[in-house]
Structures are given as structure tokens and as C-alpha cells.
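Participant: Following is a predicted model, sequence given first.
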Amino acid sequence: MAFPTGTSYGLAVNALDGFALQRLKNLKNRPDEKTFTVFLSDKIWKKHFSLTSTEKKMLANVPNKALTLLVKPKLSLEHLARNGLVGLRVIDHPLMKDLADKTLLPLTATSANKADVPPCLSSQCIVGSFPGLLSDDQLNEVDSKGASATTYDLSLAAIIDGGELPVSKPTTIAQILNGTVKIIRPGELSLEELKGVL
């Protein structure tokens with residue numbers, strides 16, 4: 001399912017479902033070594049993450065901001081961890097919040113695009129990027145059984161249309177090490193802004 005965030009459209013699947021995660025990798029042509037960030041209602045943070053008091057403070061002080069904080073997962077999300085950490089995406093769009101509150105699941109927050117292609121800012125872009133069943137000539141199968149007999153379905157279950165999103169900087173990815181903020185990927189929030197909330 002595609003949904004709007006404060007920076008671009010994202011793709012959400014149940015992050016606890018291995019089949020859904022594999023299909024998402026296939027949709028995005030994402031390398032196996034790359035994992036997914038997640039977003040979820042703060043009501044279930046404690047169930048899926050072991051947040052420090054400093055991390056909780058930062059997350060509480062940056063509502064509706066484009067931030068992904070690398071944090072320690074509990075067993076339920078360890079399959080998404082890299083170097084023992086998972087990216088927890090701050091909810092920064094009302095429709096994103098509704099989705100998290102209604103599902104009460106950890107959902108992927110990956111951008112709605114194929115690997116190495118800019119993220120989508122409109123539902124029209126998403127439809128063009130994920131067209132549905134691939135045609136027989138696109139499959140290049142040695143013993144072709146046709147698109148209807150394959151799993152090469154690049155369609156989405158739904159698109160939550162939030163209209164055309166403005167061009168913006170990407171989400172800042174950060175980590176708190178020994179009480180100090182470290183920027184992993186620069187984006188919408190600066191180091192000074194993040195230090196200011198602590």
C-alpha cells in the first residue's frame with residue numbers, strides 16, 4: 001500500500017510478515033542486504049523497541065518531523081536489524097498517523113520508488129512505477145507460462161492519495177550514541193536542531 005509522508009510517498013507492508021517484506025523487495029528491486037525502516041503508533045513502541053530515555057525524549061520532541069532514529073529492536077523486529085539497529089520513522093503526515101493508529105502494526109516506511117529512482121510525489125507516479133502484472137515479453141522466461149501464471153505482479157493493494165506532495169529534503173537519519181546525536185544521513189533536520197531537542 002502506498003501512503004503519503006512529509007517528504008514523499010512511502011510503501012507500507014506489515015513488517016512482521018516475511019512474505020510481505022519479500023514482495024516489497026521484489027517490487028522495489030531492492031538488494032537483499034538493504035533493510036527497511038518502520039513507522040508505528042507510539043502506543044506500541046514499547047512492544048517492538050527497547051528505547052532509551054534519551055531516545056524517548058528526542059522522539060517526543062520532534063513530532064511531525066522528517067526523522068528516522070536508529071534504535072534497538074525487540075525480538076519481533078530483529079529480522080530488520082542492521083548492526084543491531086532498526087530505523088524508527090517519525091510520523092509526519094496525518095494520513096500516515098491514521099494508518100499507524102488503525103493497524104496498530106509496525107509498517108515499513110520505505111519510499112515509493114524502484115531502487116535508484118527518485119521517490120514518488122504523486123499517486124500518478126506510483127501507478128506508473130508499479131503497473132500490475134508484467135506482460136509475457138517482459139518476463140523473458142525460457143519456458144513462458146504467461147503473466148497470469150507467475151508471481152510477477154507489480155501492483156499495489158491500495159494507494160492512500162494525499163495529493164501532490166511538495167519537493168523537500170529527505171528524512172534525516174540519526175542515531176544517539178552515549179547521549180550524543182550522530183547524523184547518519186543528512187536531511188530535513190539539521191544536527192543543531194536535533195541537539196536542541198535534547
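Facilitator: Structure received.
Participant: rest of the way, CA atoms for contacts and neighbours
Facilitator: Fine.
Participant: for stretch 93-108, which positions count as buried?
Facilitator: His93, Leu95, Met96, Lys97, Leu99, Ala100, Leu105, Pro106, Leu107, Thr108 (16 or more other C-alpha atoms under 10 Å).
Participant: ok, now how distant is the third one from Ser190?
Facilitator: Distance of Met96 to Ser190, given as C-alpha to C-alpha, to the nearest Å: 23 Å.
Participant: Go through the buried residues of stretch 93-108 and flag which are in helices.
Facilitator: Counted as lying in helices by DSSP state H, out of the buried residues of stretch 93-108, are Leu95, Met96, Lys97, Leu99, Ala100.
Participant: Let me see the confidence value for the last one.
Facilitator: For Ala100, the pLDDT comes out at 98.
Participant: what's near enough to touch it?
Facilitator: Phe39, Leu40, Ser41, Pro106, Leu107 (C-alpha atoms under 8 Å, 6 or more residues apart in numbering).
Participant: could you redo the last one with a cut-off of 7 Å?
Facilitator: The neighbours of Ala100, taking C-alpha atoms under 7 Å, 6 or more residues apart in numbering as the test, are Leu40, Ser41.
Participant: Run through the strands of this protein in chain order.
Facilitator: 2-4, 9-11, 38-39, 67-71, 86-89, 107-108, 110-111, 132-133, 153-154, 172-177, 180-185 (DSSP state E).
Participant: before we move on, back to that, now, the most widely separated pair of the buried residues of stretch 93-108?
Facilitator: His93 and Leu105 (17.0 Å; C-alpha to C-alpha).
Participant: circling back to that earlier point, nearest to Asp116 among the ones in helices among the buried residues of stretch 93-108?
Facilitator: Distances from Asp116 to these, taken by C-alpha to C-alpha, are shortest for Met96, at 23.9 Å.
Participant: Give the closest residue to the spatially most central residue of the chain in space, chain neighbours not counted.
Facilitator: Residue closest to the average C-alpha location in the chain (C-alpha atoms, centre = their mean): Ala109, at 1.4 Å. Among residues not flanking Ala109 along the chain, Val38 sits closest, at 4.9 Å (C-alpha to C-alpha, 6 or more residues apart in numbering).
Participant: Tell me, how many residues neighbour the nearest residue to Asp161 once chain neighbours are set aside?
Facilitator: With C-alpha to C-alpha, 6+ apart as the measure, Ser123 is the residue that lies nearest to Asp161, at 6.1 Å, once sequence neighbours are left out. Counted with other C-alpha atoms under 10 Å, residues neighbouring Ser123 total 21.
Participant: One more: the one 5 residues further on?
Facilitator: Using other C-alpha under 10 Å, Gly128 has 11 other residues around it.
Participant: do the same with His48
Facilitator: His48 has 17 nearby residues by other C-alpha under 10 Å.
Participant: Leu77 is in contact with that one, correct?
Facilitator: Yes. Between His48 and Leu77 there is a contact under C-alpha atoms under 7 Å: 6.5 Å.
Participant: hang on, the earlier thing: and of the strands of the chain, who's closest to Asn29?
Facilitator: Among those, strand 153-154 comes nearest to Asn29, with 10.7 Å by C-alpha to C-alpha.
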